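> generate coordinates for the sequence data below:
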Amino acid sequence: MFNRYASARNAEQRDVRICVLNVLRTWIDKAWVDVIKDGDELCERMVAFLEGIIVNDTAMRRVAETVKSILLRKVGADPSCRFDVV
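Residues are numbered from 1 along each chain as shown. Okay, the predicted model is just below:
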């Protein structure tokens, strides 16, 4: 999914990027158990991916910030997650 985000061509780039971020948001919001089951590495990769968008993609910045805030809120509320909330 992360690779698809980066490799989209200009014509389809916006649509693909919105779809990727929406899937990521839904996954974090609705299937949190799957995210924490894979450990802290997945959370770290998601945050790094979202921060890369926030820094490098002005068109998708607000969406990425929203998804990141949902992720960090879930991490902070889950005592089984050892990922450091920054």
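> make it CA atoms for all contacts and neighbour counts henceforth
Will do.
> let me see the ranges of the helices in this protein.
2-7, 10-30, 32-37, 40-56, 61-77 (DSSP state H).
> would you list the ones you listed in CSV and tack on mean pLDDT and mean neighbour count?
Below are the helices of the chain laid out as CSV (pLDDT from 0 to 100; neighbours: other CA atoms under 10 Å):
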stretch, mean pLDDT, mean neighbour count
helix 2-7, 64, 12
helix 10-30, 84, 15
helix 32-37, 75, 15
helix 40-56, 87, 16
helix 61-77, 88, 17
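> and residue 48, how far from residue 41?
Going from residue 48 to residue 41 by CA to CA, to the nearest Å gives 10 Å.
> same check, this time on residue 24
15 Å.
> residue 55 too?
For residue 55 relative to residue 41 (CA to CA), the value is 21 Å.
> residue 60 too?
24 Å.
> and for residue 34?
From residue 34 to residue 41 the distance is 13 Å (CA to CA).
> and if you look at residue 28?
Counting by CA to CA, the gap from residue 28 to residue 41 is 14 Å.
> next: residue 49.
Separation of residue 49 from residue 41 (CA to CA): 12 Å.
> go on, residue 57?
23 Å.
> ditto for residue 50
14 Å.
> can you check residue 72 too?
14 Å.
> ok, residue 56 next?
Taken as CA to CA, the span from residue 56 to residue 41 is 22 Å.
> ok, now residue 69?
For residue 69, the distance to residue 41 - CA to CA - is 18 Å.
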